[in-house]
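Peer 1: here is my input, please return the structure:
(2 chains)
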Amino acid sequence: MCRTAPRPGCLLRKEELFEMSNLISGARMLLECLAREGVDCFFGYPGGVTLPLYDCVFDHPIRHVLVRHEENAAFAASGYARSTGRVGVCCATSGPGATNLVTGLVDAMMDSIPVVAITGQVHSKLIGSDAFQEADTFGISRSCTKHNFLVKNIADLPQVVHEAFYIASTGRPGPVLIDLPKDVLQAQSHYAPVGAIHLPGYKVYTEGHTGQIRRAAQMIWDAQRPLVYAGGGIIAAGASAELRQLVEITGAPVVCTLMGLGGFPGSHPNFISMPGMHGSYAANMALTNCDLLIAVGVRFDDRVTGRLSAFAPHARVIHIDIDPAEIGKNRVPDLPIVGDARRVLARINSVLNDLAPRSAGLHAGARSAWWDEIRGWKKQHPLEPARSETEIKPQHLMAEIDRLTNGRAIVATDVGQHQMWAAQFIRFDSPRLFLTSGGLGSMGFGMPAAIGAQFAHPDSLVVAIVGDGGFQMSIPELATIANNRLPLKVIICNNGYLGMVRQWQELFYNNRVCAVELSTFPNIEKLAGAYGIAGRDVNRVSELRPALEAAFASPEPQVLNVQVSSFENVFPMVPAGAAISEMVLGPPQPVAVPAAK
Amino acid sequence: MIQVISLLVENKPGALMRITGLLSARGYNIESLTVARTLDPTLSRMTIVVDVDPALRSQVVKQMNKLINVLQASDLTESPAVLREMVLLRVRSSIETRTAILKEAEIFHARVVDSSVEGFALEATGDPEKLNEFIDVMRAYGDIEVTRSGLVAASLEQKKLRLSPPVPTSKAEAAAVGANLGDKQ
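Peer 2: Numbering: from 1, shown residues only, chains lettered A, B, ... in the order given. Next comes the predicted model:
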């Protein structure tokens, strides 16, 4: 199903195109444009004003996936996009349909995910009259999209659709919304293929400045304690091979942000781990002590940097990003390069190679001492999954998933403690495997995102790891899974709490634990069973491995409700406002670790 | 700190909303904003004055430049530029002070646009500080009502307008596909 060429039978036939008497509706024209953009399926929920569209979907080869809530249509489109790199498409009706998309759009905006949202709008003559199911979708979506369109004339429709896909997928990707009044969907017109997209004000910088690239290569060879800080931009640009090459030329260690996991192979010897609030001791100490930070496709997010003034305090910074506005937003770099990570890294690599004969051995001693230091930190406080004989530790659950998936499965998560444990203990050896709501942190993301990914990769193992809180936000989507017999595996990391909120209440609000206990949880066998899906409780440590193995081996959807220890918290932890070197390493006696420098 | 930004914007629905929305979303305060068409009726020129932390000045312009309808955003705060504003001012005055008011208006190159027994309506243009002084002076003569136009600015440097060329749709489709192929190392 993962194809880019239009499906056979999708497009209008030549004679249909040139037959002047052949009028087609706006709705049909929209599907024609989607087909030309290579869309094979989209996620949506119909309503009054999108009826003309669904009348065309009825016998069109592009597959429409009916979700059970519009927010999940946006998340599924995002999961589709995150796992393929292609534009994910979602669709909703006017008013409530469109407003329900908002969370998913902001989520895609924060994580730079290419999504095109199509919303119905009331008849253009009724816009502004407070008509039934009218909402100012154009105004509402302004701040949650990279760009948005309101089409008032069918003649503009093809141009707008192609522009939307172009904007969503190029430069720094992001969501684009197209609002279509019912009369535009109904209007009849001739379809004229769009020859060119003309967006004079839309600037995409890809190549990077040649002089800056040369200087960057020189700085990299000159550094004694270099560190690569790689983010989601590596994945968006498809720059994994180039990053790997850079690391292999220079021998530099790598940390990947939550959004960057998989952008560099998790099993590679140069990979340290994720840094930041719940990053490893070694990753945060490496950031604190490096003398050159090679930041690629990252935005110096507060969850990574902690207190900004104490972030990589000894480092000169090379910042490579496709978005000029990210340069200097949080940390002023010593050397900015605006460009596509893949192009820029490839060019840096070639200069590095040119300079290697003179420069490669320059700081061999210092660099091997730097690696010794990093290995020392890893040994001092390794990221080890907690284990117990009597109860399933959530970290143990993640380690088991890691063992069984071996860095190759697509894993989508929700948000909270389980998300951090998944990031800490599951390896990802290629990009586009770890799908998580990073910037916005929206609960209820995991299951619909996994659904989207499974549609794009019908034969791959797709696992949704969700908390008991997030799961209860996405239960309706069990119907979508059952409907389409998706072989999705839903693993509920169930501790009976909104764990991350409780962790903060315990640590920073004097243990006044409030409104976080999820004491009523449905019987999973009955709940999943009601949808015709196999659901199973996993309570004992001895059951865990066989249950996971059986679920992963099954060609059917599976829901496992894994009872994990209730009071486990995520460590290491950098308290809000602290420097990342001031980690709290464990629960009983919080130990503040001073920066080793 | 006050920052003056000059924008060349495509005259498309929602363009103004995008700009003001961006400013408010990022927490910048708009001091004044003027918009009007340029010689090319499909484009508008906007001058925005924002109150912003000096460290964030380049960030504001960069965010503006990211907007798809913005062809060019430039910071004129410290570059050579002419900054002008117009004020319409009504002053109520007694018969005795009328001559003095006219004298004062002349000093500020203000024109009388209406005259009545209650007082005058005056029109003055100039840079904002000069207008502030003018208003202060007029206040001394009686009750005043003031309407200011907001700042308009013209750069005195030739700013090269860099526009993106049209992209053939097939290439646009290819670019999207290429981004995807890049991952399959």
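Peer 1: for the closest residue to chain B within the stretch 301-450 of chain A, what are its contacts?
Peer 2: Residue nearest to chain B within the stretch 301-450 of chain A: A:A325 (3.9 Å; Cβ to the nearest Cβ). Heads up, the C-betas are built off the backbone N, CA and C, glycines and all. Contacts for A:A325 (Cβ atoms under 8 Å, 6 or more residues apart in numbering or on different chains) come out as B:59, B:62-63, B:65-66.
Peer 1: neighbour count added to those residues, as CSV?
Peer 2: Converted to CSV, the contacts of A:A325 look like this (neighbours: other Cβ atoms under 10 Å in any protein chain shown):
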residue, neighbour count
B:Q59, 19
B:K62, 19
B:Q63, 22
B:N65, 17
B:K66, 21
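Peer 1: same for the helix ranked longest in chain A, what does it pack against?
Peer 2: Ranked by number of residues, the top helix in chain A under DSSP state H is helix A:341-359. Counting contacts by 3 or more Cβ pairs under 8 Å, 6 or more residues apart in numbering or on different chains; DSSP states H and E, helix A:341-359 packs against helix A:210-222, helix A:232-237, helix A:240-250, strand A:316-321.
Peer 1: and those: which comes nearest chain B?
Peer 2: It's helix A:240-250; of the helices and strands packed on helix A:341-359, that one is closest to chain B (Cβ to the nearest Cβ) at 4.3 Å.
Peer 1: may I have the distance across stretch A:134-148, first residue to last?
Peer 2: 17 Å (Cα to Cα, to the nearest Å).
Peer 1: sort out for me which of the contacts of A:A325 are in helices.
Peer 2: B:59, B:62-63, B:65-66.
Peer 1: so chain B: which segments form each domain?
Peer 2: Here the domain parsing of chain B from automatic domain parsing is B:2-79, B:82-152.
Peer 1: buried deepest among the helices and strands packed on helix A:341-359, which one?
Peer 2: helix A:232-237 (a mean of 30; mean count of other Cβ atoms under 10 Å in any protein chain shown).
Peer 1: all helices of chain B, in order?
Peer 2: B:15-25, B:57-66, B:98-107, B:128-139, B:169-181.
Peer 1: looking at the domains of chain B, which is buried most?
Peer 2: Of those, domain B:2-79 is the most buried (mean count of other Cβ under 10 Å), at a mean of 17.
Peer 1: so which residue of the stretch 201-350 of chain A comes closest to chain B?
Peer 2: For the stretch 201-350 of chain A, Cβ to the nearest Cβ, closest residue to chain B: A:G238, 2.3 Å.
Peer 1: that residue contacts A:G85, correct?
Peer 2: Yes - judged on Cβ atoms under 8 Å, A:G238 makes contact with A:G85 at a distance of 6.7 Å.
Peer 1: between these two, who's got more neighbours?
Peer 2: A:G85 (26 against 23; other Cβ atoms under 10 Å in any protein chain shown).
Peer 1: quick one: that one and A:A237 touch, right?
Peer 2: No - taking contacts as Cβ under 8 Å, A:G85 lies outside contact range of A:A237: 9.7 Å.
Peer 1: now the closest residue in space to A:G233 that isn't next to it in sequence: how far from A:P253?
Peer 2: Nearest residue to A:G233, sequence neighbours excluded (Cβ to Cβ, 6 or more residues apart in numbering or on different chains): A:G297, at 1.5 Å. Between A:G297 and A:P253 the computed distance is 17 Å (Cβ to Cβ, to the nearest Å).
Peer 1: compare these two (neighbour count), which wins?
Peer 2: A direct count of neighbours by other Cβ under 10 Å for A:G297 and A:P253 places A:G297 higher, at 32 against 23.
Peer 1: what's near enough to touch that one?
Peer 2: A:230-237, A:239, A:260, A:263, A:320-322, A:341.
Peer 1: repeat that with 6 Å
Peer 2: Residues in contact with A:G297 (Cβ atoms under 6 Å, 6 or more residues apart in numbering or on different chains) are A:231-234, A:341.
Peer 1: I am finished for the moment; much appreciated.
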